[in-house]
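In: show me the folded form of this:
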Amino acid sequence: MNTPKRLRVVGFSILVIGLMIAGLVYATRLPDDEDVEFVSKREILQMERIGGKANVLASELRQLFFELWHGQKLAFTLAYLSVGGSGACFLLARSMTGGASADDMTAP
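Out: As a prediction, the model looks like this:
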């Protein structure tokens with residue numbers, strides 16, 4: 001089996017397995033926690049005094065990133081990652097064949 005064909009198989013496997021796992025996570029997810037960590041203005045000002053505005057921004061980005069790995073958002077994150085990973089494999093396989101499709105490569 002040549003390399004582009006292997007990449008297509010890997011891409012298809014990533015897509016199918018990733019979407020199955022995302023569907024499983026979505027179906028069996030726990031209810032999203034309503035206990036959202038609330039940071040008061042006083043705490044934000046204290047963080048800004050200690051580390052500056054970059055500290056506040058880093059804290060907000062960290063909170064946003066960690067929210068992607070819980071409940072329903074985890075299922076969507078897994079689905080996006082599997083579609084992106086398989087798309088990368090398909091594009092890499094296509095670039096290795098010079099843009100020709102699999103049907104064009106089968107010569108008589």
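
In: how much space between residue 78 and residue 11?
Out: 16 Å (C-beta to C-beta, to the nearest Å). All C-beta spots, glycine's among them, are computed from the backbone N, C-alpha and C.

In: what's the burial count for residue 41?
Out: Residues lying near residue 41 (other C-beta atoms under 10 Å) number 7.

In: contacts only, for it.
Out: For residue 41, no residue meets the contact criterion (C-beta atoms under 8 Å, 6 or more residues apart in numbering).

In: report pLDDT for it.
Out: With respect to pLDDT, residue 41 scores 85.

In: over to residue 35?
Out: Listed pLDDT for residue 35 reads 52.

In: could you do residue 28 as well?
Out: Taking residue 28 on its own, its pLDDT is 89.

In: likewise for residue 47?
Out: With respect to pLDDT, residue 47 has a value of 85.

In: could I have the helix or strand where it lies exported to CSV, CA atoms only?
Out: Residue 47 is located in helix 41-51, with elements delineated by DSSP states H and E. C-alpha atoms of helix 41-51 as CSV (Å, rounded to 0.1, in the frame of the first residue of the first chain):
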residue,chain,number,x,y,z
LYS,A,41,-14.2,42.6,40.3
ARG,A,42,-12.1,42.8,43.4
GLU,A,43,-10.3,39.6,42.5
ILE,A,44,-9.7,40.8,39.0
LEU,A,45,-8.2,44.0,40.3
GLN,A,46,-6.0,42.1,42.7
MET,A,47,-4.8,39.8,39.9
GLU,A,48,-4.1,42.9,37.7
ARG,A,49,-2.1,44.5,40.5
ILE,A,50,0.0,41.4,41.0
GLY,A,51,0.6,40.4,37.4
